[in-house]
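Q: Got a sequence here, can you build the structure:
(one chain, ligands or ions: 1)
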Amino acid sequence: QALNDNVSGGRSGALSPPPVTETSQKIDVNPPKGTRDFPPEEMRLRSWLFQNFREVSRLFGFEEIDFPVLESEALFIRKAGEEIRDQLYSFEDRGNRRVALRPELTPSLARLVIQKGKSAPLPLKWFAVGQCWRYERMTRGRRREHYQWNMDIIGVPEVTAEAELISSIVTFFKRLGITSSDVGFKVSSRKVLQEVLRSYSIPENLFGKVCIIIDKMEKIPMDEIKSELKSVGMSEKAIEELLEVLSVKSLSKLEEILGTAGDAIADLKQLFSLADKFGYSEWIQFDASVVRGLAYYTGIVFEGFDREGTLRAICGGGRYDRLLSTFGGDDVPACGFGFGDAVIVELLKEKGLLPELSPLVENIVCSLDQELQGAAATVATILREKGQSVDLVLENKPLKWVFKRAARINAGRLILVGNSEWQKGMVRVKILATGEQYEVKLDQLE
Ligand SMILES: OCc1cccc(Br)n1
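A: Below you'll find the model as predicted:
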């Protein structure tokens, strides 16, 4: 109960309870716009999803990390015109600091890697599951928060790192019963863009901006894309060639256009070869139009999509070799992905793959009269110390009520503490699935 410092009477230091109004104005019991509550049923699904995130991370030898949901705003201020910047949930705190609710996890990870420095020997394989925020005008009724699973490999320049990350997501999909007929990964490399821009001597510092504009293809009309590209200084010819390259869907065609000199082709060829070795070739396809909407990607980028094309991207990631150095850290190669908790649930619903998750408690314990309430507590404690879950009935309730509650919480056994049994140091056990019941000595209850 927060101490109320604007007390009636006005004497400093004297505290009196806040005046109780006659008719309290009912508060809005819904969560803030764009956010969700997780009552038990929804929480069981979320916990199941997160348990799968964590199990796959464990299978791949990743260590879990976490950081504050509140970060310095400076971590997310990039000048490439990203949507994530426009929707930053930021404010000035009481210490006049500019802070923000994180819109993604990667900058926090980069901050932590730099902070740890040599005390965290490379390579690092870290994962996190955390809530991310954006302040979006509710016109589109979209969410303002979601939970993201992130896996990142820090300190590995080779494409084996990206191949490993995609393998972890394939493993996750397979665990949930999702197949390569349901989803796929569009894979490309920002080095493709870079090589085209270089051939038109577009300055490097415009690279991020161009990527963000390209990422808006399919979301805004093509002539707007072209005018935005013109506004950052690209010629008509450069724009035409860039858009032609971005329409390429095969590596061999791309090789014809770019030649074999640059890294883009080599990286992508290596990735597809590794995909074969990992056993997920049928899950990935080259698609030059994939750039992703974050400015800091520098190499391979990928995104998971549903083949029916009804949903937004399921997940996405890529290489970001420059991010740490832009925060003043050493030049450390890095790659990672983000996997949101919302689109995947829509996909599972569509595929009929949502799990049946009912509440489960092994025992419900109740006393049959008031003076045995203490005895019931003793029985509950004995069972709990044996590692058994117990719902202890905390009030004197009729048996009909107890049976109803037992069914609702899906209890396995009903333990009845009654006078005649208790006098003999016994309790009555009823197996609720079969109806079988028996008396048992307390010290033999298990
Ligand atoms: O995927 C972008 C994003 C970031 C924060 C919150 C939400 Br909802 N969505």
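Q: Next up, phi/psi of the residue of the stretch 301-446 of the chain found nearest the ligand, please.
A: The nearest approach of the stretch 301-446 of the chain to the ligand comes at Gly340, 5.8 Å away (CB to the nearest ligand atom). In this view, the C-beta of every residue, glycine as well, is placed from N, C-alpha and C. Dihedral angles of Gly340 (phi, psi; degrees, to the nearest 10) stand at phi -80, psi 160.
Q: Quick check: closest non-adjacent residue to it.
A: For Gly340, ignoring the flanking residues on the chain, the nearest one in space by CB to CB, 6 or more residues apart in numbering is His146 at 4.8 Å.
Q: got the residues of the stretch 251-400 of the chain near the ligand?
A: Residues of the stretch 251-400 of the chain lying near the ligand by CB under 6 Å from any ligand atom: Gly340.
Q: who's in contact with the helix or strand bottoming out on mean pLDDT in the chain?
A: Among the helices and strands of the chain, helix 83-86 carries the lowest confidence by mean pLDDT, DSSP states H and E, at a mean of 86. Residues from elsewhere that reach helix 83-86 (CB atoms under 8 Å, 6 or more residues apart in numbering): Phe76, Ile77, Arg78, Pro103, Glu104, Arg134, Gly293, Leu294.
Q: Tell me the secondary structure at the one residue in the stretch 151-300 of the chain that gets nearest to the ligand.
A: Using CB to the nearest ligand atom, the single residue of the stretch 151-300 of the chain nearest to the ligand is Gly293, 8.4 Å away. Of the three states, Gly293 takes coil under DSSP: H, G, I helix; E, B strand; the rest coil.
Q: That one: neighbour count?
A: 18 (other CB atoms under 10 Å).
Q: Run a quick check on it versus Glu82, I expect a contact.
A: Yes - Gly293 is within contact range of Glu82, at 6.2 Å (criterion: CB atoms under 8 Å).
Q: Identify the contacts common to these two.
A: Common contacts of Gly293 and Glu82 (CB under 8 Å, 6+ apart): Ile212.
Q: which is the next helix or strand following the longest helix anywhere in the chain?
A: Longest helix in the chain, counting residues (DSSP state H): helix 40-59. Scanning forward in sequence from helix 40-59 by DSSP states H and E, the next helix or strand is strand 63-64.
Q: got the contact list for that following strand?
A: Strand 63-64 is contacted from outside by Arg54, Ser57, Lys125, Trp126, Phe127, Ala128, Val129, using CB under 8 Å, 6+ apart.
Q: Go again with 10 Å.
A: Residues from elsewhere that reach strand 63-64 (CB atoms under 10 Å, 6 or more residues apart in numbering): Phe53, Arg54, Ser57, Arg58, Ala120, Leu124, Lys125, Trp126, Phe127, Ala128, Val129.
Q: Which of the helices or strands spans the residue nearest the centre of the chain?
A: By CA atoms, centre = their mean, the mean C-alpha position of the chain lies nearest to Gln148, the distance being 1.8 Å. In this assignment (DSSP H and E), Gln148 forms part of strand 145-154.
Q: related to what we said a few turns ago, of all the residues in the longest helix of the chain, which ones are buried?
A: Arg44, Leu45, Arg46, Leu49, Asn52, Phe53, Val56, Ser57 (16 or more other CB atoms under 10 Å).
Q: which of those lies closest to the ligand?
A: Using CB to the nearest ligand atom, the buried residues of helix 40-59 come closest to the ligand at Arg46, 14.4 Å.
Q: Isn't that closest one up against Phe38?
A: Yes - with contacts counted by CB atoms under 10 Å, Arg46 reaches Phe38, the gap being 5.7 Å.
Q: residue boundaries of the helices in the stretch 251-400 of the chain?
A: Taking DSSP state H, counting those that start in this stretch, the helices of the stretch 251-400 of the chain run over residues 251-258, 263-278, 323-326, 343-351, 373-385, 399-408.
Q: out of the ones you listed, nearest to Lys174?
A: helix 263-278 (12.1 Å; CB to CB).
Q: and the residue of the stretch 151-300 of the chain closest to the ligand, what is it in contact with?
A: Counted by CB under 10 Å, 6+ apart, Gly293 has contacts 80, 82-84, 211-212, 214-216, 219, 303, 313, 316.
Q: follow-up on the earlier one: neighbour-wise, give me the winner out of the contacts of helix 83-86.
A: Leu294 (25 neighbours).
Q: Now that residue. Its backbone dihedrals?
A: phi -110, psi 130.
Q: list the contacts for the nearest residue to it once chain neighbours are set aside?
A: Nearest non-adjacent residue to Leu294, counting by CB to CB, 6+ apart: Glu82, 6.5 Å away. By CB under 10 Å, 6+ apart, the contact set of Glu82 is Phe76, Leu88, Pro103, Gly208, Lys209, Cys211, Ile212, Asp215, Gly293, Leu294, Ala295, Tyr296.
Q: again, only using 7 Å
A: Going by CB atoms under 7 Å, 6 or more residues apart in numbering, Glu82 touches Ile212, Gly293, Leu294, Ala295.
Q: Turn these into JSON lines, columns for distance to Ser167 and pLDDT.
A: Output for these, formatted as JSON lines (distance: CB to CB, whole Å; pLDDT from 0 to 100):
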{"residue": "Ile212", "distance to Ser167": "28", "pLDDT": "90"}
{"residue": "Gly293", "distance to Ser167": "24", "pLDDT": "87"}
{"residue": "Leu294", "distance to Ser167": "22", "pLDDT": "89"}
{"residue": "Ala295", "distance to Ser167": "26", "pLDDT": "89"}
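Q: What's opposite Leu124 in the beta bridge?
A: Per DSSP bridges, the residues bridged to Leu124 are Ile154.
Q: Tell me, how many residues neighbour it?
A: Leu124 has 20 nearby residues by other CB under 10 Å.
Q: doesn't Ile154 make contact with it?
A: Yes - under the criterion of CB atoms under 7 Å, Leu124 makes contact with Ile154 at 4.1 Å.
Q: what residues do the two have in common as contacts?
A: Here Leu124 and Ile154 have Val113 as joint contacts, going by CB under 7 Å, 6+ apart.
Q: State the distance from the residue nearest to Thr326 when sequence neighbours are not counted to Cys211.
A: What sits nearest to Thr326 in space, not counting adjacent residues and going by CB to CB, 6+ apart, is Tyr296, at 7.3 Å. Per CB to CB, to the nearest Å, Tyr296 is found 10 Å from Cys211.
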